[in-house]
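J.: Predicted model and sequence below, questions to follow.
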Amino acid sequence: MSKQRFASVWDAIEDTPEEAENMKLRSALMTALKNHITRSEMSQAEAARVFGVTQPRVSDLMRGKINLFGLDALVNMAAAAGMHIEMRVLEPN
């Protein structure tokens, strides 16, 4: 067993760097949306109305079911909630 070090858990568990980057972005968006719901003290039904999705979809979000969400869906939900998303792209060292 090797003792590799990874910058992110996604780097360790995903098969390709592309998949790891996608999961990092999805994870960050899901965390931001979950925090927004919690801070706003919205019910899941209220959040569903704001995000333009169903309550079970919000439940999946709150339970961290990342495999059920693509980047487009998460960006759309954040925008519907009035959130502003910024992206930063870094060149390799």
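T.: Structure received.

J.: Just the pLDDT for residue 13.
T.: On pLDDT, residue 13 comes in at 69.

J.: residues near residue 15, how many?
T.: Using other CB atoms under 10 Å, residue 15 is surrounded by 7 other residues. Glycine gets a C-beta too; all of them are placed from N, C-alpha and C.

J.: Repeat that for the one 3 residues further on.
T.: Counted with other CB under 10 Å, the burial measure for residue 18 works out to 9 neighbours.

J.: Quote the end-to-end distance of stretch 63-77.
T.: Using CA to CA, to the nearest Å, the end-to-end distance of stretch 63-77 comes to 16 Å.

J.: no no, stretch 75-88
T.: 15 Å.

J.: Mind listing residues that contact that stretch?
T.: Under the contact criterion CB atoms under 8 Å, 6 or more residues apart in numbering, stretch 75-88 has outside partners 25, 29, 32, 33, 36, 47, 50, 51, 52, 53, 61.

J.: what packs against the top helix by length along the chain?
T.: If you go by DSSP state H, the chain has its longest helix at helix 17-40. If you count contacts as 3 or more CB pairs under 8 Å, 6 or more residues apart in numbering; DSSP states H and E, helix 17-40 packs onto helix 9-13, helix 44-51, helix 55-62, helix 71-80.

J.: so what does the second one touch, helix or strand wise?
T.: Secondary structure elements in contact with helix 44-51, counted by 3+ CB pairs under 8 Å, 6+ apart, are helix 17-40, helix 55-62, helix 71-80.

J.: Likewise for the third one?
T.: Applying 3+ CB pairs under 8 Å, 6+ apart, one finds that helix 55-62 contacts helix 17-40, helix 44-51.
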